[in-house]
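K.L.:
Turn this into a structure:
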Amino acid sequence: MHRPEADTGAGNSVELSRFQSEFLSGVSHQLRTPINAILGVTHLALAQADSEQQRQYLISIQTTSRQLMHSVNNLLDLSRLEQGTLALAPANFQLKSLLDDLTQDVNTRLVKRAVVFTLTTDERIPATLNGDASRLKQLINCFIDNAIKFTQQGEIRLQVRMAARNRKSVRLHFTIEDTGSGLPPGLGMALFRNSEKMFEVGGSENQKKGIGLRIARLLAQLMNGDAGMITPHSPGAAFWFTVQLRPAQTAEQADTEHRPGQKTLPAHDDSDHQAGIAEVLPPPRRPLPAADTSAEQLLADLQQRLLLEDFSCLELARRHAATLENALGADAIRLHSALHDFDFTRARVILGGTGEA
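P.N.:
Predicted coordinates:
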C-alpha cells in the first residue's frame, strides 16, 4: 500500500529542514574563521594607527565585521538549536551582575537616541543561581536587540520576576516592552515559526525580528521554558519568556545531580576555527609553554598574555585546552567564549575568579 501523499510531503519537509540546518551550520563555520581573523588583525592595527583618519577606517572595518559576525553566529545557533545540538554550560552565576552588565551595554547603544531603558527585578529572586548565564544573556538580548532596532524614542522596559520556586528549581518570567513601531495586526506567533516559514511573514523588518525571536524561543525551550508575545499592545510591542534555573550548587552537587528534562550536550569543537585564526596573526612575542607545563604556570602565563593583549593567548588556549578544562571546570567554557569574541577583559575576569564575567 502506498503512503498517503500528505505523509510524503511531511517527510520532504523534515528532510528539507534538516538539510537547511546542516547547510547553515557549514556556511557559518566557513565564514567565522576569516571574519575573526579580520577582527584580530584590525585590533592589532588600531594599536599602531598613525593618524585619526586611519583609526576611523579601522574602526569602520571592526564595527562592520562585528555586525557580520553577529549575523553568522545567529545562523549557526539557529542551525544547532533546530538540530538539537546546542550545548548548555550550567554554572553558578550572579543574576544582578548579568543584568547590570546588560544594562550598561543597552545604555551605551541608546546614548544617541531619545530612549530610556528601565529594569525592574523581583527581590524574591535568589542572588546566586545555577544555569547557563551566557545563553540566558543571549536570550534576553534577542528581545532587547529588536526593541532597540524599532524604537526611536520613548522607553524600553525589562521586568524580571520569580514565577515559581522549589528546592530544586527557580522559574523566572521576563517581560520586554517597548514604545517602538509595533507589529502588524494578526502577525502574532508567526514571528516564532521555524526558519523556512518565518521569511514568509512579509516585510524585511519582520524578517529581522523573526530570526532573533525564533532563536529566543528555542533557547527558552532548551531551558525548560517558552516565549511568546503580549497582544494587543500599544504603543510598541511586548514579549515574554520563561526559563527554569536552579538554586546555587556546590561543586559536589554539580557533579552528581541531574537536571530533569534539561538538555546538556557536548561542547562544540572549535579547534579548527582557532587554528585558522592563528595562521593569519603575527607570531607570539615569546615562546608558548611546553606540553608538560603545570596548570598553575599555564594560568599565570595566559593571564599575562591577556594583559598585554597578545593574540598568542588564543593558540595557548587551543594547545592546552585539556589542562585548562581540568583546572577551570565549567569556567573553561566561559573562557573559551570570551577568547572566541576577543574579549580579553572578560577572559581576565574569568581567570581572576571574580565570578562576574
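
K.L.:
quick one: contacts for the most centrally placed residue in the chain?
P.N.:
Centroid check for the chain by Cα atoms, centre = their mean gives residue 138 as the closest residue, at 4.0 Å. Contacts for residue 138 were tallied using Cβ atoms under 8 Å, 6 or more residues apart in numbering; they are 77, 219. Heads up, the C-betas are built off the backbone N, CA and C, glycines and all.

K.L.:
what about it, helix or strand, and which?
P.N.:
Secondary structure from DSSP states H and E places residue 138 in helix 133-149.

K.L.:
Report the mean confidence score over that helix.
P.N.:
Averaging pLDDT along helix 133-149 gives 91.

K.L.:
Off-centre distance for that helix?
P.N.:
Chain-centre distance of helix 133-149: 8 Å, with Cα atoms, centre = their mean, to the nearest Å.

K.L.:
Only the buried residues of that helix, if you could.
P.N.:
133-148 (16 or more other Cβ atoms under 10 Å).

K.L.:
Skip ahead from it and say which helix or strand is next.
P.N.:
Assigned by DSSP H and E, the successor of helix 133-149 is strand 153-165.

K.L.:
So what are the sheet partners of that following strand and their directions?
P.N.:
Sheet pairing of strand 153-165 (DSSP bridges) gives strand 114-121 (parallel), strand 170-178 (antiparallel).

K.L.:
So what touches that strand?
P.N.:
95, 99, 106, 110, 113-122, 124-125, 140, 144, 147-148, 170-180, 235-236, 242.

K.L.:
go with 7 Å
P.N.:
Residues from elsewhere that reach strand 153-165 (Cβ atoms under 7 Å, 6 or more residues apart in numbering): 113-122, 124-125, 147-148, 170-179, 242.

K.L.:
If any of the residues you listed are buried, give me the PyMOL selection for them.
P.N.:
In PyMOL, this line selects whichever of these come out buried by 16+ other Cβ under 10 Å:
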select buried, resi 115+117+125+147+148+170+171+172+173+174+175+176+177+178+179+242
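
K.L.:
re earlier: closest to residue 52 among the buried residues of helix 133-149?
P.N.:
Nearest to residue 52 among these is residue 148, at 28.3 Å by Cβ to Cβ.

K.L.:
Leaving out sequence neighbours, find the closest residue to the closest one.
P.N.:
Once flanking residues are discounted, residue 148 sits nearest to residue 109: 5.9 Å by Cβ to Cβ, 6 or more residues apart in numbering.

K.L.:
In terms of pLDDT, where does that neighbour sit?
P.N.:
88.

K.L.:
my read: it touches residue 145, true?
P.N.:
No. Counting by Cβ atoms under 7 Å, residue 109 stays clear of residue 145, with 9.1 Å between them.

K.L.:
and for these two, which residues touch both?
P.N.:
When Cβ under 7 Å, 6+ apart defines a contact, no residue borders residue 109 and residue 145 alike.

K.L.:
Any idea which helix or strand in this structure has the lowest mean pLDDT?
P.N.:
Considering only helices and strands, the least confidently modelled element of the chain by mean pLDDT, DSSP states H and E is helix 195-198, at a mean of 42.

K.L.:
can you map out the helices along this structure?
P.N.:
5-47, 52-83, 95-109, 133-149, 195-198, 204-222, 251-256, 271-280, 295-307, 312-319, 321-328, 331-340, 344-352 (DSSP state H).

K.L.:
Report the separation between the residue nearest to the centre of the chain and residue 241.
P.N.:
Using Cβ to Cβ, to the nearest Å, residue 138 is found at 12 Å from residue 241.

K.L.:
hang on, the earlier thing: of the strands paired with strand 153-165, which is nearest residue 51?
P.N.:
Of those, nearest to residue 51 by Cβ to Cβ is strand 114-121, at 33.8 Å.

K.L.:
Between helix 133-149 and the closest one, find me the angle.
P.N.:
Orientation note: strand 114-121 sits at an angle of 150 degrees relative to helix 133-149 (axes from the mean of the first three to the mean of the last three Cα atoms, to 10 degrees).

K.L.:
Next, the residues that contact strand 114-121 from outside, please.
P.N.:
99, 103, 106-107, 110, 151, 153-160.

K.L.:
gap between residue 137 and residue 86?
P.N.:
15 Å.

K.L.:
What of residue 308?
P.N.:
Per Cβ to Cβ, residue 308 is found 34 Å from residue 86.

K.L.:
Give me the phi and psi angles of the residue nearest to residue 96 when sequence neighbours are not counted.
P.N.:
Of all residues not flanking residue 96 in the chain, residue 127 sits nearest, at 6.7 Å (Cβ to Cβ, 6+ apart). Note on residue 127: its backbone torsions stand at phi -60, psi -40 [degrees, to the nearest 10].

K.L.:
Residue 94 is in contact with residue 127, correct?
P.N.:
Yes. Between residue 127 and residue 94 there is a contact under Cβ under 7 Å: 6.4 Å.

K.L.:
and these two? which has more neighbours close in?
P.N.:
Between residue 127 and residue 94, counted using other Cβ atoms under 10 Å, the more crowded position is residue 94 (18 against 9).
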